[in-house]
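Student: fold the following.
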Amino acid sequence: MTYEELIKQTALADDRLVVMTAENRALIRNLPPVLGPRFIDTGITEQTLIGAAAGLALRGRVPVVHALATFLTLRAFEFIRTDVGIAHLPVKLSGFVPGFLSDGNGPTHQAIEDVSLMRGIPGMTVFAPADEADMLAMLPAIWASPDPAYVRINTRPATYEHAPFELGKAEIVAEGRDVIILTYGMLFEQTLVARELLQAQGKSVGLINLRSLKPVDEAALLAAARSGALLVTVEDHFITGGLYSILAEVLLRHQLTARVLPLALEERWYRPGRLGAVLEHEGFTGQHLARRIATALGEASEDIAAGPAVLETQFAE
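Tutor: Prediction:
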């Protein structure tokens, strides 16, 4: 199963679904002859794309729109907020190459504030699958929901067999007494490596996949905070408005405190390059993450062995 096959099967089974794109066809290039007039390419016009999608949604359609994540969430933000958000329309936003997956592109193409922007819109739901298998398991429920949704598209191959998806629920991969890593999206595979390296050093390390960022699984976050473990948020996003902010909001709302180590992009864009080089330079490989966590625990980080490198690059048209 692929993203294209899933959306094709869904569209053929439900004639309300319309596939739309702003000239980004990398994952849906074979759909035009299958869907005919229910495949709409507006060209490089993200604002028009959202306005048209909102109009179709008002007529009872369920548009699934595709564009590069940075232009979808930034250039078309007012249209998403006003046309989709205020009317609470079931427009489904598929953001290509979010976060570090935009690897070789410079700051103009880096969607590293998208989670912050999208979750700030009342009624908008926000999802970030860990890999392709996670994404394909999540999308049917997201597309079937009456709510508007933003999805960080992630087609990286799975390195973990995920639990079934439920809207608003986190995936508890492992419990931990010393550290609990909270993450989402493509960095999940690196946190698996980091957990293994820290476990080899005798640490009890938990791992939670926050695949649903809004609604977020508050119960999972509160349980992690009450465990007394060091909480580590790991994300390819600015530190402001992402998972670190979500965790802080939940803890404050419930009048809790916790030891928290945020690992995110602090007041800067990342240096573009091949994905493996980006992760290495920015300190987000499994080995780097393990060493940064070990340092926060007061341990000798140089004892952390090297983990497997990630060298593949994901491209989009």
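
Student: ok, and what's touching the helix or strand where Leu198 lies?
Tutor: Assessed by DSSP states H and E, Leu198 sits inside helix 188-200. With C-beta atoms under 8 Å, 6 or more residues apart in numbering as the test, helix 188-200 has contacts from 130-131, 134, 156, 159-160, 173-174, 179, 181, 183, 205, 207, 209, 234, 279, 284-287, 289-290, 293-294, 304-305, 307-308, 310. (Each C-beta comes from the backbone N, C-alpha and C, glycine too.)

Student: now the element after that helix, going C-ward?
Tutor: Per DSSP H and E, helix 188-200 leads on to strand 205-209 as the next helix or strand towards the C-terminus.

Student: and the contacts of helix 188-200, which of them are buried?
Tutor: 130-131, 134, 156, 160, 173, 179, 181, 183, 205, 207, 209, 234, 279, 284-287, 289-290, 293-294, 304, 307, 310 (16 or more other C-beta atoms under 10 Å).

Student: wouldn't Ala57 be in contact with Pro90 here?
Tutor: Yes - the pair Ala57 / Pro90 is scored as a contact, 5.8 Å apart, by C-beta atoms under 8 Å.

Student: what sits against Ala128?
Tutor: 98, 115, 151-152, 154, 184-185, 210-211, 213.

Student: got the CA coordinates for the helix or strand encompassing Ser94 in CSV?
Tutor: Assigned by DSSP H and E, Ser94 falls within strand 92-96. Extracted in CSV, the C-alpha atoms of strand 92-96 (Å, rounded to 0.1, in the frame of the first residue of the first chain):
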residue,chain,number,x,y,z
LYS,A,92,-7.6,17.9,4.6
LEU,A,93,-4.2,19.5,4.2
SER,A,94,-1.3,17.3,3.1
GLY,A,95,2.0,19.1,3.6
PHE,A,96,4.9,17.6,1.6
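
Student: quick one: average pLDDT of the helix or strand following it?
Tutor: The helix or strand immediately downstream of strand 92-96 is helix 114-119, counting by DSSP H and E. Averaged over helix 114-119, pLDDT sits at 98.

Student: could you export helix 114-119 as PDB, CA atoms only?
Tutor: This file holds the C-alpha atoms of helix 114-119, laid out as PDB (Å, rounded to 0.1, in the frame of the first residue of the first chain):
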ATOM      1  CA  ASP A 114       4.000  24.600  10.600                       C
ATOM      2  CA  VAL A 115       2.800  22.800  13.700                       C
ATOM      3  CA  SER A 116       2.700  26.000  15.600                       C
ATOM      4  CA  LEU A 117       0.700  27.800  12.900                       C
ATOM      5  CA  MET A 118      -1.800  25.000  12.200                       C
ATOM      6  CA  ARG A 119      -2.600  24.200  15.800                       C
END
